[in-house]
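Novice: From the sequence below, what's the structure:
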Amino acid sequence: TLWATVNLEKKTVKTELLEMILGKGCRILNLCHSEILGSLSSNIKSQLRVLNLSLILSSPEENLVLEELLLSCCSLEHLLMENVSLTPKMADGICKNGKTLQILNLNSSCLNYRLSYPNSCLQEVIKYCQELKEVDLAHVNSINGLTGEDLEFLVENISPNIEKLNLCSTEIMDHHVQILLRRCKKIKALSLEATWITDDSLKNIRKHLNLTLEELSLRTDYDGFIHDSSDDSISLTGFLELKYMPRLTILKL
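Specialist: Residues are numbered from 1 along each chain as shown. Just a heads-up that it's a prediction; the model follows:
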């Protein structure tokens, strides 16, 4: 029981210690903002349910450790990887947990690694992780954002059981929202800040999420004002679509 939960946030961690912790049957491991020294055995197996790998320095050596650590898991339920450069092997490790993973946080991470993959890392993860209920992809690939292909794949293939979805600072548009909400009608929290949606998306939000949505984050126009009408932004009339949603209690603008 002593090793069931281990918090090594902001520590320098040797891989010998990691192997010992995993061998003790650790279920919850926090390595956020840590420095990892050494290499991890490729034969190691873990019983991890919750794993936080956010803000770990992305040196080649540490990437190898993260790859082996993820590949050692087969029953993760909650994975945090904020501000991490995702490699194909890391994506493979995430996919191994596809039948159990319910919460995935890739906020501000880099998913541009394609190499020999037929699909991007993100597409592989979305394809194999169909039990996901919470996904955070805000500010992913902060310079270029998600590719059009990734967005199309995401809205067409993400788990229909998704309940919380953060797509802040992506180039998601009205037709993406329409496809997404036709499939995913259990969403309770949705973030579309700094995206390219208009009043049409708000109509679809009301139509498809009227009985489930509790929290919504949206952008106004880029000049910071809510307009009376516009073809390419959300208008005051658009926002008024939301007033009839019975469960919506939090609206962030």
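Novice: where exactly do the strands run in the stretch 1-150 of the chain?
Specialist: If you assign secondary structure with DSSP state E, counting those that start in this stretch, the strands in the stretch 1-150 of the chain sit at 5-7, 12-14, 28-30, 35-37, 50-52, 78-80, 103-105, 134-136.
Novice: now those strands as TSV including mean neighbour count, mean pLDDT and distance to L66?
Specialist: For the C-beta atoms, the positions are set from N, CA and C on the backbone; glycine is no exception. Formatted as TSV, the strands of the stretch 1-150 of the chain follow (neighbours: other Cβ atoms under 10 Å; pLDDT from 0 to 100; distance: least, Cβ to Cβ, whole Å):
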stretch	mean neighbour count	mean pLDDT	distance to L66
strand 5-7	14	97	16
strand 12-14	14	95	12
strand 28-30	19	98	12
strand 35-37	18	94	8
strand 50-52	21	98	10
strand 78-80	21	98	11
strand 103-105	19	98	15
strand 134-136	20	98	18
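Novice: quick one, which of the ones you listed is nearest to N63?
Specialist: Nearest of these to N63, taken as Cβ to Cβ: strand 35-37 at 10.0 Å.
Novice: And that closest one, what does it pack against?
Specialist: strand 12-14, helix 15-23, helix 60-71 (3 or more Cβ pairs under 8 Å, 6 or more residues apart in numbering; DSSP states H and E).
Novice: which residues does V140 contact?
Specialist: Remark: with contacts taken as Cβ atoms under 8 Å, 6 or more residues apart in numbering, V140 is in contact with 106-111, 122, 146, 170.
Novice: Make a markdown table out of those and add distance to I44, neighbour count and pLDDT.
Specialist: Rendered in a markdown table, the data for the contacts of V140 read as follows (distance: Cβ to Cβ, whole Å; neighbours: other Cβ atoms under 10 Å; pLDDT from 0 to 100):
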| residue | distance to I44 | neighbour count | pLDDT |
| --- | --- | --- | --- |
| L106 | 24 | 26 | 97 |
| N107 | 27 | 17 | 96 |
| S108 | 28 | 20 | 94 |
| S109 | 24 | 25 | 94 |
| C110 | 26 | 18 | 92 |
| L111 | 26 | 23 | 83 |
| L122 | 26 | 25 | 94 |
| L146 | 33 | 22 | 89 |
| T170 | 35 | 24 | 91 |
